[in-house]
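Visitor: Below are the sequence and a predicted model for it; my questions follow.
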Amino acid sequence: MPHQLHALAWLRWREAQRPRGGVLADDMGLGKTITMISLIVSDKEKNLDNEDEEDDPEKNSRLVQGGTLVVCPASLLTKWAGEVSAHCGPHALAVCAHHGAARATQPRRLAAADLVLTTYNILQRESEKGGVLTRVFWRRVILDEAHAVRNHKSATSQAVCALRAARRWALTGTPLHNKDLDLFALLKFLRCSPFDDLTMWKKWIDNKSLGGQERLNTVMRCIMLRRTKAQLQERGQLTCLPPRDEHQTDVTLATDEMNVYQKVLVFSKTLFAQFLHQRAERQADAQGFLHTGKNSEYEKMHKKMIALQGAKPVKSHEILVLLLRLRQVCGHCGLIASMLDPDDTPVDEDLGSQDLLAELNKLTLNDQRSRRKSGEKEKEEEQEEEGEGTTAAEAIRSVLSPNNPVFDLSRRSAKIDAVMRCLQEHVFPNKGEKAVVVSQWTSVLSLVERELKNAQVRCVTLSGRVPVPARAPLIAALNDARSDVRVMLLSLCAGGVGLNLVGANHLLLLDPHWNPQLEQQAQDRIFRVGQTKHVHIYRFTCLDTVEQSIRQLQKAKLELADNVLTGARNTNASKLTIEDLKLLFNMGPNPSS
């Protein structure tokens, strides 16, 4: 396709520059893999010598000279091998998969191949032990899904940076997830001097100045090629993609579900008020909070927390855990009664492991006893508050009782009901159409799976728990028009890694995530080159809950990424700030307003 030919010309040009390589950041589904394979093949056909590498400071004459090394998630090994087989002649490239127990131990075995495929995990383990991958001077190293190394302190990031190569490429549709520092990890891998040094990065780029932002924009314009599907369609260069519609589905929680949500919200706001008070006492940047008046919402919540909990410090991860609980209630109230699945945890990588549900019950059920310990009341107003507190405690005991039917996972929640209605109205009546249902939590996917089985609809589940070898048959079943599989249940984590799910043309996003790039990755699993049907994206949001606030924060994060990648000025914070948290707990104005 025209955009791939343009990319190939740009790749060749970049390999003649310094640093040799760069970032191919096209939208997911635009054929980055095939473009890179074309580069490797054209490079071989030219039979280029290594004369341009003789002055390479990384070259070591004692190292074996190898071909191209591709490092990717394990689930993409078969994709790379399959693309070579499908688009190259029988003997165009000698491919070696460096994976599994029988992988090579001698550098010369790897050097004999034109293309070596391995995984981030294998590379990390071998790098720690001086393994065979580190004893080859590669003609080219390609990182697929390169955002996997965005944490420059991680062992994986350090392992890819330690590889010795003449040319370096990073492939990712989402080079920026949360902060500008994500890009530093890529510049470090690319040997983009002087900004591959953290000290220089902080001095000249990450200095919170307009000049620093402009320098970053200039660097990225030089070493990165990025085209979105929308841009290519506007230019008439991508006529093969079908139309795509996005649908916002608002969900109203049932009365008993909203009661549970409100009780958890009240406790969360109380704890957050204590957190703010602690922060204000440590810092001098919140004088307004300290002087809001004794009858303010903040002050009342702070007094209540002190009465219940004393002066026990509130940690930031406790606030994030409570936000997690609020989000889970939106899916099904029964989810807050159990610990997170191991497969769910990586999505919220900033969360601690503490489960605050027990603390919530403890504080509410012991409300009267705690208040008695707090001593005599000083004012009549506080006595009135105490009477209200007694009533509230009784109400909370009733709402949060394990016997409350709302916690029964066999009962269909408002959101699950909305999901099933969507499938029954828009997918199942249309022969040949299939859907991918995406959630951050496998526990939510299990609830949908139960409903699908009750409706006698065949589905498959793909999550982090599914072994890599077992994933290909699941994907094939969805993509095969002759298969009776109508729905794939996909965890958000698993959906972010190079899957081709064009057999489905409906995608349902059940819950919003802090990182909108994860949702974008999931969407591009069905909206990509090869899709022939009209694509529909459905976003489910519970009204009057934290989910609506998360949607607002998503817009700010997408603007951040777009500003950096397009060269616009960036003035927005990239992580959850105190003002963001106030918005989520309905205790402050929208920071973007």
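Guide: Thanks, I have the structure now. Computed from a prediction, not measured in an experiment: that's the story for all the values here.

Visitor: Pull the contacting residues for the closest residue to residue 21 other than its chain neighbours.
Guide: Distance criterion Cβ to Cβ, 6 or more residues apart in numbering; nearest residue to residue 21, sequence neighbours excluded, is residue 168 at 4.0 Å. Any C-beta I mention is one placed from the backbone N, CA and C, and that applies to glycine too. Under the criterion of Cβ atoms under 8 Å, 6 or more residues apart in numbering, the neighbours of residue 168 are 19-21, 140-141, 189-191.

Visitor: change it to 6 Å
Guide: Contact analysis of residue 168 by Cβ atoms under 6 Å, 6 or more residues apart in numbering lists 21, 141, 190.

Visitor: My guess is the first one contacts residue 166. True?
Guide: No - Residue 21 lies out of contact with residue 166 (Cβ atoms under 6 Å); the separation is 8.9 Å.

Visitor: Neighbour count: those two, which is higher?
Guide: residue 21 (24 against 19; other Cβ atoms under 10 Å).

Visitor: Now go through the contacts of residue 168 and say which are in helices.
Guide: residue 190 (DSSP state H).

Visitor: re the thing from before, what bridges to the residue nearest to residue 21?
Guide: residue 21, residue 141 (DSSP bridges).

Visitor: Relative to residue 83, how far out is it?
Guide: 21 Å (Cβ to Cβ, to the nearest Å).

Visitor: got it, and residue 267?
Guide: 52 Å.

Visitor: which residues pair with the nearest residue in space to residue 506 that is not next to it in sequence across the strands?
Guide: Take residue 506 and drop its neighbours on the chain: the residue closest to it by Cβ to Cβ, 6+ apart is residue 435, 3.9 Å away. With DSSP bridges applied, residue 435 shows beta-bridge pairing to residue 487, residue 506.

Visitor: center of this structure, which residue is that?
Guide: Nearest to the mean C-alpha position of the chain, counting by Cα atoms, centre = their mean, stands residue 518 at 3.7 Å.

Visitor: Going by contacts, tell me the helices and strands next to the strand or helix carrying it.
Guide: Residue 518 is part of helix 516-523, with elements assigned from DSSP states H and E. On a contact count with 3 or more Cβ pairs under 6 Å, 6 or more residues apart in numbering; DSSP states H and E, helix 516-523 meets helix 546-566.

Visitor: now the stretch 1-150 of the chain, which segments are flagged as low pLDDT?
Guide: Across the stretch 1-150 of the chain, the ranges flagged by pLDDT under 70 are 45-61.

Visitor: Can you list the residue ranges for helices in it?
Guide: Here the stretch 1-150 of the chain has its helices, by DSSP state H, counting those that start in this stretch, at 2-14, 32-45, 77-87, 107-111, 120-128.

Visitor: right, so of those, which gets closest to residue 510?
Guide: helix 77-87 (26.2 Å; Cβ to Cβ).

Visitor: For that closest one, what is the distance to the chain centroid?
Guide: Computed by Cα atoms, centre = their mean, to the nearest Å, the chain-centroid distance of helix 77-87 equals 26 Å.

Visitor: do stretch 487-494 as well
Guide: 13 Å.

Visitor: what about the helix holding residue 518, distance to the chain center?
Guide: With Cα atoms, centre = their mean, you get 7 Å for helix 516-523.

Visitor: going on from that helix, what's the next piece of helix or strand?
Guide: Next element after helix 516-523 (DSSP H and E): strand 535-542.

Visitor: Arrange the contacts of residue 168 in CSV, one row each, with distance to residue 117 as further columns.
Guide: Output for the contacts of residue 168, formatted as CSV (distance: Cβ to Cβ, whole Å):
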residue, distance to residue 117
21, 18
141, 12
190, 21
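
Visitor: Nearest to residue 236 among the contacts of residue 168?
Guide: Distances from residue 236 to the contacts of residue 168, taken by Cβ to Cβ, are shortest for residue 21, at 29.8 Å.

Visitor: List the residues that contact the closest one.
Guide: 167-169, 190.

Visitor: would you list these in a markdown table and tack on distance to residue 32 and pLDDT?
Guide: Output for the contacts of residue 21, formatted as a markdown table (distance: Cβ to Cβ, whole Å; pLDDT from 0 to 100):
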| residue | distance to residue 32 | pLDDT |
| --- | --- | --- |
| 167 | 16 | 97 |
| 168 | 15 | 98 |
| 169 | 10 | 98 |
| 190 | 16 | 97 |
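
Visitor: Narrow those to just the buried residues.
Guide: 167-169, 190 (16 or more other Cβ atoms under 10 Å).
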